[in-house]
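> Predicted model follows, preceded by the sequence.
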4 protein chains.
Amino acid sequence: MPSSTRYPRQGENLDFSRVMFFTDAVFAIAMTLLVVEIGVPETIDGAADDPAALLEVFDDKAPLIFAFFVGCYVIGSYWAAQHRFSSWLAAVDRGFVALTVVYLSFVALLPFPTGVLGGFAENPLSFFAFAVNMGAVITMEAVLFSHARRRRLFREEWPEDVYRWELRSSLSPVLLFALSVPVAFVLPQLGIVMWFLAIPFGMFLNRYRPKGAERYLT
Amino acid sequence: MPSSTRYPRQGENLDFSRVMFFTDAVFAIAMTLLVVEIGVPETIDGAADDPAALLEVFDDKAPLIFAFFVGCYVIGSYWAAQHRFSSWLAAVDRGFVALTVVYLSFVALLPFPTGVLGGFAENPLSFFAFAVNMGAVITMEAVLFSHARRRRLFREEWPEDVYRWELRSSLSPVLLFALSVPVAFVLPQLGIVMWFLAIPFGMFLNRYRPKGAERYLT
Amino acid sequence: MPSSTRYPRQGENLDFSRVMFFTDAVFAIAMTLLVVEIGVPETIDGAADDPAALLEVFDDKAPLIFAFFVGCYVIGSYWAAQHRFSSWLAAVDRGFVALTVVYLSFVALLPFPTGVLGGFAENPLSFFAFAVNMGAVITMEAVLFSHARRRRLFREEWPEDVYRWELRSSLSPVLLFALSVPVAFVLPQLGIVMWFLAIPFGMFLNRYRPKGAERYLT
Amino acid sequence: MPSSTRYPRQGENLDFSRVMFFTDAVFAIAMTLLVVEIGVPETIDGAADDPAALLEVFDDKAPLIFAFFVGCYVIGSYWAAQHRFSSWLAAVDRGFVALTVVYLSFVALLPFPTGVLGGFAENPLSFFAFAVNMGAVITMEAVLFSHARRRRLFREEWPEDVYRWELRSSLSPVLLFALSVPVAFVLPQLGIVMWFLAIPFGMFLNRYRPKGAERYLT
């Protein structure tokens, strides 16, 4: 271990990249930790080598596996949204770093309501908790977006109407989440369907985006 | 925290790299989480300092440790396949990002059937569940491959026969997984052997690859 | 798998970057693992679909959820501090790598006192344990800083007074943590408030920083 | 989501870097997962706000916390060794990727013997299991080193004696691990001390390294 070995920094983009990789890591871990909530039983009712007895376990676990996939696609789609948003950035600042920590705290929490949703799928309060957590993530996304706009962190200046449209469009799922809660009190399954309506709803909103917006909203 | 500190982005390849690093992170976590399924007992039958009593614990855990290594090599070989595949890519697009999330959801699920396999090694249904999950991962690999081909994301144009050969070759383990399920009903251990036959089988297939394919399939 | 496929290294900054990404990964995992300590109950007192029964669970979990957020912001703010500090570095050496491992061992431990804090929020010893762990992280930060100074790893030479001020300023939260322990014996909640006083306290200290320091302490 | 958005790859070093980052991620997760083995008790013997009752819990957890730090420094020092080794590499090939997966499977397993060591610290078999796992990691390190030598993956040609010296020196801790097992049967604590003797032993070996070796072994 000669004292002279030095590993020099080269290039300047590491500080920017690290904020993105830290974000990626939290998303990846939150998504992969979901599997822990499914849980593997230590024993089954019946002979250990009886397929019928193990099938019953899979049957019992079905709502947890379903919640695992719901959680994966929710976390995955937020990651994809963050990836798209940050492809527009030319820089980050210290305020962006601080807000990212708050944003990621809500992402890191998601496995908890996902587990509750899997364990108590017929309980409307499960939906409420999950929807509140998703709403917090999306709100922080909008806060990061506004911060980036205010501090001129984007690669290019956007017209005011493009900025406003994108902000509203990214917040629009909050409306669907809010509506899903009373729906879930009547029919829980329909509540989940409403969350995924966010995707076609976003495509629908896209029709009304300002002229020339496609130049910025790549 | 002076408001003027900015960390600029430099270079353009970060958006591409992030998709790869997110993929790497999910694979790495899925592989490392497998150890949690082994579990450490809190007490043992006999004196805490008796080697014979602890040996019995290791004996009980043997199928779980075996399943850990099976899971590690399955996940590791899928990661190596993704690494090889993406070395051919010149770019990714938003559709690739979305399909990657679906692909990774099946990777993230693998610790669950691995745990079941460890806990119920003599139950053919364990094999079925594991084989179905592996089949889903491989199918999504093929979907990503086809998407990249259709959207011209490869570094260079491939001849049609090279493309078809690589697609079939990457899907060929699905056949082995499907065959392993009835085999496992007779002899579970032989089922696992069949999964790892995918490696020599791939080498065998390699002999029949189109002329000139080695230029592309590096 | 032709034997000739080689993936060459390009550029020289990978060895430096890896130390930062390893650091980022440990922080990200520690932050995301906190959610495991909350735990999802398998059954509830009352009907599985009764919102009131599930509400009671959330009520029981409130201190654990609160501890999750405390842990997230503590770990997140240490990560932000490490990100800021390392943006000043021109290189790392092998001693820096070794000290980073010690530093990260204390970061990786944080989910344990966070879980204890969540489970025993009225117990002053919980505060003591958490404060000791935070103190160890901050002390190692200062050790890394001094090492970087001694081995001339910074991008530019700093005046002696700027260096001393930054070192004292980064260690100042240790004083607040030490004071929080007797306070927590009287009123636990006030103990946590004192930890977060580190932020305004840092801003206050900033007023007394040496002239010209803003050139270095970006 | 316009179909035309493409995120291009730039530069060529991503495929090399990914192998390193995947390695870093597995090490970071294995190190951080160790904390899960400590475990937070749900209840304590005595009043929840009684410091003396909670102190007893910390006392019970002491061997687990000690094992956590042993595990952290073992995993951390292997990561530092891999970081040093790979700073010498100019390229990796597909065989290196495959061997890395085997290497990382033993790294990912380390939290299991670490947990056993924490739970059964007076049991010599715990030491044996941990030493076997460490031996497997170090052996795979040597296999990777030999592979890199054979396939000419190093940045520069090394003289034969430098290569042999480094290989022996990196394998030397295996000897200490082997000796620690009978020692642990007599006095477990001394067994752990022997593992950490690897560091001064390495420094001692350094005196006998071939002339001119410092040019390569940076």
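Cool, got the structure.
> Got the phi and psi for A:Pro8?
Dihedral pair for A:Pro8: phi -80, psi 150, per degrees, to the nearest 10.
> how about the nearest residue to it, chain neighbours excluded?
Spatial nearest neighbour of A:Pro8, excluding adjacent residues (C-beta to C-beta, 6 or more residues apart in numbering or on different chains): C:Ala91 at 4.5 Å. For glycine as for every other residue, the C-beta is placed from the backbone atoms N, C-alpha and C.
> so how many other residues sit close to the one you found?
20 (other C-beta atoms under 10 Å in any protein chain shown).
> same thing with A:Phe204?
11.
> where are the low-confidence patches of chain A?
A:1-4, A:11-12 (pLDDT under 70).
> Next SSE downstream of the longest helix seen in it?
Using DSSP state H to define each element, chain A has its longest helix at helix A:51-86. Of the helices and strands lying after helix A:51-86 in sequence (DSSP states H and E), the nearest is strand A:91-93.
> which residues sit against the next helix or strand after that next one?
Proceeding C-terminally, strand A:91-93 gives way to helix A:94-109 as the next helix or strand, assigned by DSSP H and E. Residues from elsewhere that reach helix A:94-109, judged by C-beta atoms under 8 Å, 6 or more residues apart in numbering or on different chains: A:19, A:22-23, A:26-27, A:29-30, A:75, A:78, A:92, A:133, A:136-137, A:140-141, A:143-144, A:147-148, A:151, A:153, B:1, B:3, B:5, C:31-32, C:34-35, C:65, C:68-69, C:72-73, C:76-77, C:79-80, C:83-84.
> Then stretch A:183-191?
Contacts to stretch A:183-191, defined as C-beta under 8 Å, 6+ apart, come from residues A:Ala121, A:Glu122, A:Asn123, A:Pro124, A:Ser126, A:Phe127, A:Phe128, A:Ala131, A:Ser180, A:Val181, A:Met194.
> Weed out the non-buried ones from the residues you listed.
A:Ala121, A:Asn123, A:Pro124, A:Ser126, A:Phe127, A:Phe128, A:Ala131, A:Ser180, A:Val181, A:Met194 (16 or more other C-beta atoms under 10 Å in any protein chain shown).
> Go through those and say which is closest to A:Leu167.
The closest of the buried ones among the contacts of stretch A:183-191 to A:Leu167 turns out to be A:Ala131 (C-beta to C-beta; 20.4 Å).
> thought A:Ala53 was touching A:Ile44?
Yes - A:Ala53 lies in contact with A:Ile44 (C-beta atoms under 8 Å); the separation is 4.8 Å.
> Between the two, point out the one with more neighbours.
A:Ile44 (20 against 17).
> ok, the spatially closest residue to A:Thr114 that is not a sequence neighbour - contacts?
Using C-beta to C-beta, 6+ apart and skipping the chain neighbours, the partner closest in space to A:Thr114 is A:Gly71 (3.6 Å). Counting by C-beta under 8 Å, 6+ apart, A:Gly71 touches A:Met31, A:Leu34, A:Leu110, A:Pro111, A:Thr114, A:Leu117.
> re the thing from before, mind checking which of the contacts of stretch A:183-191 are in strands?
Using DSSP state E to define strands, no part of the contacts of stretch A:183-191 is located there.
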